[in-house]
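**Student:** Okay, sequence plus prediction incoming.
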Amino acid sequence: MRTAIVFLVLLLSACAEGTYGSPTDGRLATRIERSYAARDACLARNAGADDISNSDPATIARAIALACAPETEKLVETSNRDGDPRVASAIRKDSEFRAMGYVLRARGQVTN
């Protein structure tokens, strides 16, 4: 009886590890990381593209986030596999937030 319980525990733990540690998860994580990097590169590139020193930072950040909408939507598509609108909204808000950071850095208002 004891051997059967040990065997069952080992069998179940092997199934759980295969589920959470599969190569597919690693490929998805890599695609998500690449999507974040592409989105952030677009935000940084657009924040430094023009003379933005005399404009409202929030307005500039929204414009930059809009310019990078294709990269943001690719990130939403890659990371929000369930199609949850709250997740999509959070990613879009994060893009605008990050754009604001890039605008402030381009103005020299943030040292980081």
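**Tutor:** Thanks, I have it. Residues are numbered from 1 along each chain as shown.
**Student:** Average pLDDT for stretch 39-48, rounded please.
**Tutor:** If you average the pLDDT over stretch 39-48, you get 92.
**Student:** what's the helix ranked longest in the chain packed up against?
**Tutor:** Using DSSP state H, we find that the single longest helix of the chain is helix 23-47. Helices and strands touching helix 23-47, by 3 or more CB pairs under 8 Å, 6 or more residues apart in numbering; DSSP states H and E, are helix 57-67, helix 69-79, helix 85-106. Heads up, the C-betas are built off the backbone N, CA and C, glycines and all.
**Student:** Would you mind getting the angle between that helix and helix 69-79?
**Tutor:** Put simply, helix 23-47 runs at 160 degrees to helix 69-79, going by axes from the mean of the first three to the mean of the last three CA atoms, to 10 degrees.
**Student:** wait, which of the helices and strands packed on helix 23-47 is closest to E33?
**Tutor:** Nearest to E33, of all the helices and strands packed on helix 23-47, is helix 69-79, at 9.6 Å by CB to CB.
**Student:** Relative to the whole chain's centre, how far out is that closest one?
**Tutor:** 8 Å (CA atoms, centre = their mean, to the nearest Å).
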